[in-house]
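A.B. asks: Requesting a structural model of the entry that follows:
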Amino acid sequence: MPTDQTQTPGTPAHDSYDTVIVGGGHNGLVAAAYLARAGQSVLVLERLGSTGGAAVSTRPFDGIDARLSRYSYLVSLLPQKIVRDLGLDFAVRKRTVSSYTPAVRGGRATGLLVGGDSTRASFAELTGDDREYDAWQRFYATMQRVAERVFPTLTEPLPTRDGLRARIDDADAWRTLFEEPIGVAVEERFTDDLVRGVVLTDALIGTFADAHDPSLLQNRCFLYHVIGGGTGDWDVPVGGMGALTDALAGAARAAGAEIRVLHEATRIETDGTHAEVTVRSPAGERVLGARRVLVNASPQALAALLGDEPPAPAEGAQLKVNMLLTRLPKLRDHSVDPHRAFAGTFHIAEGYGQLADAYRDAAAGRLPAAPPSEIYCHSLTDPSILGPDLAARGYQTLTLFGLHTPARLFTADNEATRAALLKATLAELDAHLEEPITDCLALDGNGEPCIEAKTPLDLEEDLRLPGGHIFHRDLSFPYATEGTGRWGVETAHANVLLCGAGAVRGGGVSGVPGHNAAMAALGR
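C.D. replies: Numbers count the residues shown, from 1 in each chain. Sure thing, here's the model as predicted:
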């Protein structure tokens, strides 16, 4: 199991570098490794005491040897090209189940289990025949063909809109994903409310939108959730998300990059060919020179560093909950073993109508009456994140990700609203369990339940995510538009590049903005 990333602050070895990278999150580390391997002198500045940003593993519960992926938690968009190029000692594992969605039909507890040989039978049990299953197979076969064509473009110069459409070469798929709200396709191709909801969830992760939003924000989110790896699979990082950033930091250092934690960049000045970065550290303030600067932070932070006009405000819309259990809870649906139900994504209150109701509630300024969320158990696929004693005793982790809870709902009283939302969210889960989830919670070294919840405002406080937005800003379609530049990382300043999640084709744990910023810096 990787060790915690506690690092010494250090002092920059030089006053001037080829490249200074602001922010030691995973994208900054990817860029550092590529540029250092190309022979450049590279310095990474990280304001916190360790690298990784949101892609970290920590022990959040006092006295408990469980190393959780505290913020980001699954891997889909990380190209194997980056893993191979950088020689990363990093692995993922496939989940045995894609998803389980509990339901009540005719007063009886049932559900939809997607994954493996039981998928067809589960559809038939839920809906009464094979029509929804056949529609599911056709729809996701189309999505896989799109994924096979689009995913490789993420590490290439941005295609034009027409170029990407020609590459996809499927008029119906193009219309479904790029031209009309995803809700149209969901309603045309599926009839069961629960099945429709399972499909729609991929359009709403970290995104506050309705199925028929004319902006197509939900389509952009859906696209990035179904193209990962060219298959759409969401995989479990072995050792937790921190294993990836440990490997990236190691690769960057091995290539010659310097990484300095507790070093915060406070100002960037540039004339387009040379830049100066003001840095604050425990040793005081210092100005460093650089031929170029890569900023692995939000577009808002980039503007503040440069003194530029800030972009439009961003707003996150999710609740993140980490739990440690002494056992998995029993389900009311006795046909499914909890070890299978929680092995994939466990959907709660995510029927199509429920998702629409939750959006309307939040848009009206109130918490959803039935908060939708999804859960998965990392330790079922990768028990290495648990200490040997916990694993032997059957302990399990649960990660819950709530939808449709925009930051605006928490501004009046973050603490009270968090508590109310957590209670309501767990109640929705309990409706499908034979025992309350709180009865299964482990206790930490102080005798407190092992559960923590993070609202958008908490994420802004912890990680400086603008408005708690996990993608830094609304996602973009992966093609060039006016002002995007060749790689989607360019800014108004020739020698300043954006290599964080707010770049075009950013969002998620992918390393793509880091790779693309490095390619732009190298003139490739």
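
A.B. asks: for the protein, which strand is longest?
C.D. replies: Identified as the longest strand of the chain according to DSSP state E is strand 284-295.

A.B. asks: contacts for that one?
C.D. replies: The contact list for strand 284-295, computed with Cβ atoms under 8 Å, 6 or more residues apart in numbering, reads 12, 14-23, 28, 31, 43, 266, 268, 270, 273-279, 301-302, 305, 495-500, 517-518, 521. The C-beta positions use only the backbone N, C-alpha and C, and glycine is treated the same way.

A.B. asks: What residues of the longest helix along the chain count as buried?
C.D. replies: Longest helix of the chain, by residue count under DSSP state H: helix 131-150. By neighbour count on 16 or more other Cβ atoms under 10 Å, the buried set for helix 131-150 is 132-133, 135-136, 139-140, 142-144, 146-147, 149-150.

A.B. asks: Next SSE downstream of it?
C.D. replies: helix 161-168 (DSSP states H and E).

A.B. asks: Alpha carbons only: can I get that following helix in PDB?
C.D. replies: Extracted C-alpha coordinates of helix 161-168, given in PDB (Å, rounded to 0.1, in the frame of the first residue of the first chain):
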ATOM      1  CA  ARG A 161     -16.500  20.100 -35.000                       C
ATOM      2  CA  ASP A 162     -16.900  18.800 -38.500                       C
ATOM      3  CA  GLY A 163     -13.700  16.700 -38.100                       C
ATOM      4  CA  LEU A 164     -15.100  15.100 -35.000                       C
ATOM      5  CA  ARG A 165     -18.500  14.500 -36.600                       C
ATOM      6  CA  ALA A 166     -16.700  12.800 -39.600                       C
ATOM      7  CA  ARG A 167     -14.700  10.700 -37.200                       C
ATOM      8  CA  ILE A 168     -17.800   9.500 -35.400                       C
END
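
A.B. asks: For D130, grab the count of nearby residues.
C.D. replies: Other residues within reach of D130, judged by other Cβ atoms under 10 Å, total 14.

A.B. asks: can you list the weak-confidence ranges in this protein?
C.D. replies: Residues of the chain meeting the criterion pLDDT under 70: 1-8.

A.B. asks: all strands for the stretch 401-524 of the chain, in order.
C.D. replies: Using DSSP state E, counting those that start in this stretch, the strands of the stretch 401-524 of the chain run over 451-454, 496-498.

A.B. asks: any idea which of the ones you listed is most buried?
C.D. replies: strand 496-498 (a mean of 27; mean count of other Cβ atoms under 10 Å).

A.B. asks: Buried ones from the contacts of strand 284-295, can you make that a PyMOL selection?
C.D. replies: Here is the PyMOL selection string for the buried members of the contacts of strand 284-295, based on 16+ other Cβ under 10 Å:
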select buried, resi 12+17+18+19+20+21+22+23+28+31+43+268+270+275+276+277+279+301+302+305+495+496+497+498+499+500+517+518+521
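
A.B. asks: Now, the contacts of strand 284-295 that are in strands?
C.D. replies: Counting by DSSP E, the contacts of strand 284-295 contribute 16-22, 43, 266, 268, 270, 275-279, 496-498 to strands.

A.B. asks: how distant is whichever helix or strand I82 is part of from the center of its chain?
C.D. replies: Secondary-structure assignment from DSSP H and E places I82 in helix 80-86. Helix 80-86 sits 20 Å away from the centroid of its parent chain (Cα atoms, centre = their mean, to the nearest Å).

A.B. asks: Please apply the same query to stretch 97-110.
C.D. replies: The answer for stretch 97-110 is 26 Å, by Cα atoms, centre = their mean.

A.B. asks: circling back: distance between the helix or strand following the helix holding I82 and the chain's centre?
C.D. replies: Using DSSP H and E, the helix or strand that follows helix 80-86 in sequence is strand 92-93. Put simply, strand 92-93 sits 16 Å off its chain's centre (Cα atoms, centre = their mean).

A.B. asks: For strand 92-93, which strands pair with it and how are they oriented?
C.D. replies: strand 236-237 (antiparallel) (DSSP bridges).

A.B. asks: which other residues reach the helix or strand just after the strand it pairs with?
C.D. replies: Going down the chain from strand 236-237, the next helix or strand is helix 241-254, by DSSP H and E. If you take Cβ under 8 Å, 6+ apart as the criterion, helix 241-254 is touched by 2-5, 24-26, 29-30, 32-33, 36, 42, 44, 51-53, 55-58, 67, 69, 71-73, 75, 78, 86-90, 237, 239, 259, 509, 511.

A.B. asks: Just the buried residues of these.
C.D. replies: Using 16+ other Cβ under 10 Å, the buried ones in the contacts of helix 241-254 are 2, 5, 24-26, 29-30, 32-33, 36, 42, 44, 51-53, 55-58, 67, 69, 71-73, 75, 78, 86, 88, 90, 237, 239, 259, 509, 511.

A.B. asks: List the buried residues for the strand or helix carrying D357?
C.D. replies: In this structure, D357 sits in helix 352-363 according to DSSP H and E. Using 16+ other Cβ under 10 Å as the test for burial, helix 352-363 gives 352, 354-359, 361-362.

A.B. asks: Distance to P406 added to those residues, as a markdown table?
C.D. replies: As requested, these are exported to a markdown table (distance: Cβ to Cβ, whole Å):
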| residue | distance to P406 |
| --- | --- |
| Y352 | 20 |
| Q354 | 17 |
| L355 | 14 |
| A356 | 16 |
| D357 | 15 |
| A358 | 11 |
| Y359 | 10 |
| D361 | 11 |
| A362 | 6 |
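
A.B. asks: Now G53: closest residue in space that isn't a chain neighbour?
C.D. replies: Once flanking residues are discounted, G53 sits nearest to G25: 2.8 Å by Cβ to Cβ, 6 or more residues apart in numbering.

A.B. asks: these two touch, right, that neighbour and S50?
C.D. replies: No - between G25 and S50 there is no contact under Cβ atoms under 8 Å: 10.9 Å.

A.B. asks: would I259 count as being in a strand?
C.D. replies: Yes - I259: assigned to a strand according to DSSP: H, G, I helix; E, B strand; the rest coil.

A.B. asks: Tell me how far the residue nearest to it when sequence neighbours are not counted lies from A33.
C.D. replies: Nearest residue to I259, sequence neighbours excluded (Cβ to Cβ, 6+ apart): V44, at 4.5 Å. Distance of V44 to A33, computed by Cβ to Cβ, to the nearest Å: 10 Å.

A.B. asks: so what sits against both of the two?
C.D. replies: Common neighbours of V44 and A33 (Cβ under 8 Å, 6+ apart) are 252, 257.

A.B. asks: Tell me what L288 is bridged to.
C.D. replies: V277.

A.B. asks: What's the local residue count around it?
C.D. replies: L288: 20 neighbours (other Cβ under 10 Å).

A.B. asks: Roughly how far does the residue lying closest to L302 once chain neighbours are set aside sit from A501?
C.D. replies: Among residues not flanking L302 along the chain, V295 sits closest, at 4.7 Å (Cβ to Cβ, 6+ apart). Using Cβ to Cβ, V295 is found at 12 Å from A501.
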